[in-house]
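>>> This is the structure alone, sequence omitted:
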């Protein structure tokens, strides 16, 4: 009721200001009349009564003002007046306004863009109910996360009391046939509780149930919303229909809701039940004892992460008879348990946090710069404020005016910033490293707008605060009497302090950018061990029942080997291909499944190695140099004596300076004939350019003890490698059109991608560093230039007294460089501390790398020198006669 | 009109206005005069504060206002207590009495 009155009366007053004013005037006039009449009634003459009444009531205007200032609409009106006035002031100096708005726009835009990227990844809860209750559970191999085996999953599920649902999943890339051309989907085979663990359920049809996940259970699949729309025309009657996947008929039982994100495996479009065999735990050769599964589990009510860790740790330490464990799944190192969010962001977190820190620095520099500009302007406007104070404006009124101006500036910057952020986010997504989780969730959305708005308001108040205090604290009467000339002292001190901080912040950013740049250069100078130029790579897989091995005598394996051999022949015939070969392990791909133990005849010892199954010609195609002996060739076939080529590092580890040629070794199973070492080749980088890694052994597919179902293809092109893609694909499909080809890339790109996170951080740091440098330079320039203007008279006197041009030049430049030097020193200290945050992103250099720091100081020194020189030159050009006459 | 009158005690103006209007509708000056008269000239109401307070109380829904002819046929804005104004007056009176008696007790104890 009363709120309603507040609103209606206030709005009415706003809408018809003059009527509202008249009403107040009338009431005041009536009041005075009544008071007069009252006094007359008490015996005063009308003349006296009128005087006394006016004295009593006071100024009618003052009363009106008092009444007028009480409603909310009047506060609004004062504010509107402030805004109008501020707007006129800003419009009257467009250059100043543009520089301030642009500076703030850059700062706000960059921060908003980074926030919109970092927020969904690091801060926003994942898109599941109680997402913080979802954890990932890993086995541990050599201190690193490792997939768990099916029987480990089963044991964990049976024995732990910490989880409501345990979802297991593993990659599954089925090929759909039966349509015009085969289509390959990114899928996951999951345990029936997978979606329950995430807290999701299909929008259409049903979720998996326990019987779907039974050994030899029904072939059922659930589609993602995007796949359902793309391949099945969003047909609601799809549920219950069958599709052919990898030659088998699968029934579609459900479709996930639009917007469902499979955060643990982001590109997934289709899910099926994994259907492992829970019996035969003593059979160690089956897939049930392979490290294939990842586990996402939901904590039970009231169970903390630590409690769950203790629970699974205890299970790992105390094997029970019901669940015997082989050596490779003995869980000797326990489990690694982390929240899902922590788990998926672990790789990108350092880079994202570093970038977030960098953008905060940029924003700080932008704010300092604008504060400085406002201060300089405040100094020029001292007279204006003194006048307003003399006319009765209170201190708070003046502060409000200054803050209104800075807020207006900041909102102009904010609007610009949103535009910059909209474009920046697109660029960010394009730049983002491939492992970035939730990349689809990066967008300028409502949350981001709220952030930008709050940031803008905060900045508007922040940058206005010092100028506002400065203005209101100043001796206003003094300001009225003299001109800006004499009031500069205290402002200069504040402004110098601000410039020093600006330089210091810029140093921190530049040092960080420099360290990253230096690291990346180091990284790309690392020799991968082969020649990545003009190389096309892809993965060729085999799918379908013709590769099955029902008889167990290797029939399927023979078909598989034959397919790869024929495909290779076809590829080699493609015009433009100079060499091609298959390899089990493409460089810079995950080698986890192909780590085997070696066992040397010489000392009965061995090392873990990467098992490279390569077709003869691989070394030639990759240009991996042969150091000793011979390479693998077309005579190393199934019936021939098994031979292997080993890497230089393995030769050194096992044989030292001895000749390894002719020595014997087992790779993997020890009950097969010895492999004879026939050659030694140079080391290649398998995992990434940065990491130290295991040694390598190479064998031919024909002499391997099993046939791999997927092989990497490397093709060296005479010209542009990427351009060969369609022809190479066609060649492989000419052999068998149902075999999937995935992960097509060029080797150059794969090399670059190994450093993607570092590059991502570097590009942003470079951009931010550049902005910081420019802002710091303008800051120095602004302060010196203002100081020269204010000291014109002093400089005039000096030159009248015989100071040379050179000495005046020196005077100003010294002043500027002293500020710079102070800023550099503070900045260096801060950079040394800040570089700790970068350590994980560095490679091959110390975070205190002297060269980087020196280059940054030199760079900043040069830029600061230029920024000092311009005002100094102006000062040196001062004509003493003119300056002194002007007084 | 003499020097012994003081400004209304801080925070009690609202209550005095409400109390005055509980006896019947009045215009601004009428309220001021009534307060002075009843307090025998101890309290003097500042017109600016009075008119602002009237606007505020009206907005709060405790008063209604209306332009009416006065006896000497001039237009004046008359204020009247509303139902919720009456409740507010009761609440404020009770509160005031509580405090006043507490202060009185304190002063007595010290005396």
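Arrived safely, thanks for sending. Because the structure is a prediction, the values reported are computed rather than measured. Numbering: from 1, shown residues only, chains lettered A, B, ... in the order given.
>>> hang on, isn't residue A:619 packed against residue A:626?
Yes - in this structure, residue A:619 is within contact of residue A:626 by C-beta atoms under 8 Å, at 6.6 Å. Yep, even glycine has a C-beta here, placed from its N, CA and C like the rest.
>>> So which residues make contact with stretch A:752-769?
Here stretch A:752-769 makes contact (C-beta atoms under 8 Å, 6 or more residues apart in numbering or on different chains) with A:110, A:114, A:347-348, A:351, A:354-355, A:358-359, A:361-362, A:431-435, A:506, A:509-510, A:512-514, A:516-517, A:519-520, A:523-524, A:588, A:688-690, A:841, A:843.
>>> Show only the entries of those residues found in helices.
A:110, A:114, A:351, A:354-355, A:358-359, A:361-362, A:431, A:506, A:509-510, A:512-514, A:516-517, A:519-520, A:523-524 (DSSP state H).
>>> Check residue 4 and give its pLDDT.
Answering for chain A, as no chain was given. If you check residue A:4, the pLDDT there is 78.
>>> that's the wrong chain, I meant chain B
On the pLDDT scale, residue B:4 gets 48.
>>> residue contacts, the residue in the stretch 501-650 of chain A positioned nearest to chain B?
Nearest residue of the stretch 501-650 of chain A to chain B, counting by C-beta to the nearest C-beta: residue A:501, 46.0 Å away. When contacts are counted by C-beta under 8 Å, 6+ apart, residue A:501 touches A:368, A:823, A:826.
>>> at 10 Å what do you get?
A:364-365, A:368, A:776, A:779, A:822-823, A:826-827, A:830 (C-beta atoms under 10 Å, 6 or more residues apart in numbering or on different chains).
>>> Confidence-wise, which of those comes last?
residue A:779 (84).
>>> Nearest residue to the residue of the stretch 551-700 of chain A found nearest chain B in space, please, no chain neighbours.
Chain B sits closest to residue A:690 of the stretch 551-700 of chain A, with a gap of 69.6 Å, by C-beta to the nearest C-beta. Nearest in space to residue A:690, with sequence neighbours left out and distances taken as C-beta to C-beta, 6 or more residues apart in numbering or on different chains, is residue A:843 at 5.2 Å.
>>> try residue A:36
For residue A:36, the spatially nearest residue (C-beta to C-beta, 6+ apart) is residue A:53, at 4.4 Å.
>>> For the stretch 401-550 of chain A, just list every one of the helices.
Along the stretch 401-550 of chain A, the segments classed as helices by DSSP state H, counting those that start in this stretch run A:446-473, A:476-481, A:489-525.
>>> Which secondary structure elements does the first one sit against?
Using 3 or more C-beta pairs under 10 Å, 6 or more residues apart in numbering or on different chains; DSSP states H and E, the elements in contact with helix A:446-473 are helix A:94-118, helix A:349-380, helix A:382-390, helix A:395-431, helix A:489-525.
>>> All the strands of the stretch 601-750 of chain A, residue numbers only.
Secondary structure of the stretch 601-750 of chain A by DSSP state E, counting those that start in this stretch: the strands cover A:608-613, A:626-629, A:643-647, A:664-667, A:675-681, A:695-699, A:710-717, A:741-746.
>>> make that chain B, sorry
B:6-7, B:26-27, B:43-44, B:63-69, B:75-81 (DSSP state E).
>>> follow-up on the earlier one: rank the helices and strands packed on helix A:446-473 by mean pLDDT and give me the bottom one.
Among these, helix A:382-390 scores lowest, with a mean of 78.
>>> Any buried residues in that one, and which?
A:382-383, A:385-386, A:388-389 (16 or more other C-beta atoms under 10 Å in any protein chain shown).
>>> How far does that helix sit from its chain's centre?
Offset of helix A:382-390 from its chain centre (C-alpha atoms, centre = their mean, to the nearest Å): 49 Å.
>>> Any stretches of chain B with poor pLDDT?
B:1-10, B:72-73, B:110-111 (pLDDT under 70).
>>> Same question for the stretch 751-887 of chain A.
A:886-887.
>>> Repeat the analysis, applying 80 as the threshold.
Applying pLDDT under 80 to the stretch 751-887 of chain A flags residues A:789-790, A:878-887.
>>> Which one of residue A:619 and residue A:626 is surrounded by more residues?
residue A:619 (21 against 14; other C-beta atoms under 10 Å in any protein chain shown).
>>> The more buried one touches residue A:629, doesn't it?
No - taking C-beta atoms under 10 Å as the definition, residue A:619 is not a contact partner of residue A:629, at 11.7 Å.
>>> Spell out which residues are contacts of both of these two.
Any residue near both residue A:619 and residue A:629 by C-beta under 10 Å, 6+ apart counts here, and that gives A:645, A:679, A:681.
>>> Give me the neighbour count for the last one.
Read it as residue A:681. Residue A:681 has 25 neighbours, counted by other C-beta under 10 Å.
>>> and chain B, which of its residues are near chain A?
By C-beta under 10 Å from any C-beta of the partner chain, the residues of chain B that approach chain A are B:1, B:27-30, B:32-33, B:44, B:46-62, B:64-65, B:67, B:70, B:72, B:74-77, B:82, B:84.
>>> From those, keep the buried residues only.
Here, 16+ other C-beta under 10 Å leaves B:27-30, B:32-33, B:44, B:46-62, B:65, B:70, B:76-77, B:82 buried among these.
>>> Check which helices and strands the helix ranked longest in chain B is in contact with.
In chain B, assigned by DSSP H, the helix with the most residues is helix B:83-110. Helices and strands touching helix B:83-110, by 3+ C-beta pairs under 10 Å, 6+ apart, are helix B:13-22, helix B:47-59, strand B:63-69, strand B:75-81.
>>> orientation of the longest one relative to helix B:83-110 in degrees?
Here helix B:47-59 runs at an angle of 130 degrees relative to helix B:83-110 (axes from the mean of the first three to the mean of the last three C-alpha atoms, to 10 degrees).
>>> one step back: out of the helices and strands packed on helix A:446-473, which comes closest to residue A:327?
helix A:349-380 (33.7 Å; C-beta to C-beta).
>>> circling back to that earlier point, now do the shared contacts for residue A:619 and residue A:626.
Shared contacts of residue A:619 and residue A:626, defined by C-beta under 10 Å, 6+ apart, comprise A:645, A:679, A:681-682.
>>> For those, pick the one with the most neighbours.
residue A:645 (28 neighbours).
>>> what does the model give that one for pLDDT?
95.
>>> before we move on, what about residue A:591?
62.
>>> Just read off the phi/psi values of residue A:126.
phi -60, psi 160 (degrees, to the nearest 10).
>>> So what's the residue count around it?
So residue A:126, with other C-beta under 10 Å, has 23 neighbours.
>>> who's in contact with it?
A:120, A:132, A:134, A:198-199, A:261, A:263-264, A:339-341, A:344-345, A:437-438, A:441.
>>> what are the ranges of the helices in the stretch 151-300 of chain A?
A:194-198, A:225-232.
>>> can you tell me which of those helices the model trusts least?
With a mean of 92, helix A:225-232 has the lowest mean pLDDT of the helices of the stretch 151-300 of chain A.
>>> Pull the residues that contact that helix.
By C-beta under 10 Å, 6+ apart, helix A:225-232 touches A:176, A:179, A:183, A:185-187, A:202-204, A:221-224, A:234-236, A:238-239, A:241, A:243, A:252, A:254-260, A:268-270.
>>> Write the ChimeraX selection for whichever of those are buried.
The ChimeraX command for the buried members of the contacts of helix A:225-232 (criterion: 16+ other C-beta under 10 Å) is given here:
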select /A:176,183,185,186,187,202,204,221,222,223,224,238,239,243,252,254,255,256,260,268,269,270
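>>> among the contacts of helix A:225-232, which are within reach of chain B?
Answer for the contacts of helix A:225-232 near chain B: none qualify (C-beta under 10 Å from any C-beta).
>>> out of the contacts of helix A:225-232, which are inside strands?
A:176, A:183, A:187, A:204, A:221-223, A:243, A:252, A:254-255, A:270.
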